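J.: let's see this in three dimensions:
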Amino acid sequence: MKLTITDLTKTFGHKTAVDHVNLELTPGIVGLLGPNGAGKTTMIRLMCDLIQPDSGAVLLNGENIRSLGEDYRNILGYLPQKVGYYPWFTAEKYLMYIATLKGLSNEEAAAKTKDLLNQVGLYEERKNRLSAFSGGMLQRVGIAQALINDPKILILDEPTAGLDPQERIRFRSMIAGMTRGHLVILSTHIVSDVEHIAAQVIMLRSGQVVIHDTIEHIRATLTGKVCTLIVSPEEAESYRKAHLVANMQPVGDNIQLRLVSPNGFPERGVPVEPDLEDAYLAYSGREKIC
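T.: Numbering: from 1, shown residues only. Next comes the predicted model:
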């Protein structure tokens, strides 16, 4: 299975949200990273055939998803940023309803609903109305509905919004087990959501792909360009203006800075191994990395 994005472009008025994007995606977990406004949600909506591109296409195994229609949607699972709910439905009834829309039999729907409610930690609340659920609980219901038809392509837009740390760990464990034969696209601006589970990462900036590679290779592009140094509080402000500051940590009366410096770091800097958050900060900015 291969999802191919060719010269995909989408504008809204004078703003180009997705700008001539070309990608080839095969089964595995792909992180889609970028700051707010980078074009992530627009690109996801194009990949889900919810909006029509101005130019370009999304192809599944060489065939345009627009012409595939229902055949494409039958293998697609989608979690939007905001999921619409019927507040008077219970969690169980809502998932049964979604399963029916996806074409599952009553027996299949019941089994899948029970399994997913267990996976997202909501089985004990299955008879409660959604109107009584917290934001994090509703997000877990949203994740469950995206998985209800065992989709071959799963597209998740900011899936951990509203989840507490324990719930985020549960979510990552669920998704990490979906690598065989499934394409999972996880769009977020939270680096830790993808750092330990994604096979590849796409970084977007201003609607364009600035890098698409494995996490190991992305980190390697910053080798020799990340350092730490200890400065006074007065010096910290000048370093903040001259460099990308990935972290600031008090050390006694001073401050330890972690700097991402594509053009070279200060003599006092101690080189450290770059991580994905360093790369995200660098590629989200305006500096050229190489």
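J.: which stretches of the chain form helices?
T.: Secondary structure of the chain by DSSP state H: the helices cover 40-47, 65-68, 70-73, 91-101, 106-119, 135-147, 165-176, 192-195, 215-220, 233-242, 276-284.
J.: return the set of buried residues in the second one.
T.: Across helix 65-68, burial judged by 16 or more other C-beta atoms under 10 Å covers 65, 68. For glycine as for every other residue, the C-beta is placed from the backbone atoms N, C-alpha and C.
J.: can you name every helix or strand that that helix contacts?
T.: Secondary-structure packing of helix 65-68 (3 or more C-beta pairs under 8 Å, 6 or more residues apart in numbering; DSSP states H and E): strand 55-60.
J.: what angle do the strand it packs on and helix 40-47 make?
T.: 70 degrees (axes from the mean of the first three to the mean of the last three C-alpha atoms, to 10 degrees).
J.: paired strands for strand 55-60, with orientation please.
T.: strand 3-12 (antiparallel), strand 63-64 (antiparallel) (DSSP bridges).
J.: tell me which of these is the most buried.
T.: Highest mean neighbour count among the strands paired with strand 55-60 (mean count of other C-beta atoms under 10 Å): strand 3-12, with a mean of 17.
J.: alpha carbons only: can I get stretch 254-262 in PDB?
T.: Below are the C-alpha coordinates for stretch 254-262, written out as PDB (Å, rounded to 0.1, in the frame of the first residue of the first chain):
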ATOM      1  CA  ASN A 254      23.200  31.300  36.800                       C
ATOM      2  CA  ILE A 255      21.200  29.800  33.900                       C
ATOM      3  CA  GLN A 256      22.100  26.800  31.700                       C
ATOM      4  CA  LEU A 257      21.100  27.400  28.100                       C
ATOM      5  CA  ARG A 258      20.600  24.800  25.400                       C
ATOM      6  CA  LEU A 259      21.300  26.500  22.100                       C
ATOM      7  CA  VAL A 260      20.500  25.300  18.600                       C
ATOM      8  CA  SER A 261      23.000  27.200  16.400                       C
ATOM      9  CA  PRO A 262      22.900  26.300  12.700                       C
END
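J.: for the residue of the chain most remote from its centre, give me its contacts.
T.: Distance from the C-alpha centroid of the chain, by C-alpha atoms, centre = their mean, peaks at residue 253 (38.1 Å). Residue 253 makes contacts with 232-233, as judged by C-beta atoms under 8 Å, 6 or more residues apart in numbering.
J.: relative to residue 231, how far out is it?
T.: For residue 253, the distance to residue 231 equals 11 Å [C-beta to C-beta, to the nearest Å].
J.: how is the protein carved up into domains?
T.: The record's domain parsing of the chain by automatic domain parsing lists 3-75+151-217, 85-143, 224-273.
J.: to residue 283, which of the ones you listed lies closest?
T.: Nearest of the domains of the chain to residue 283, taken as C-beta to C-beta: domain 3-75+151-217 at 4.6 Å.
J.: appreciated, that's everything.
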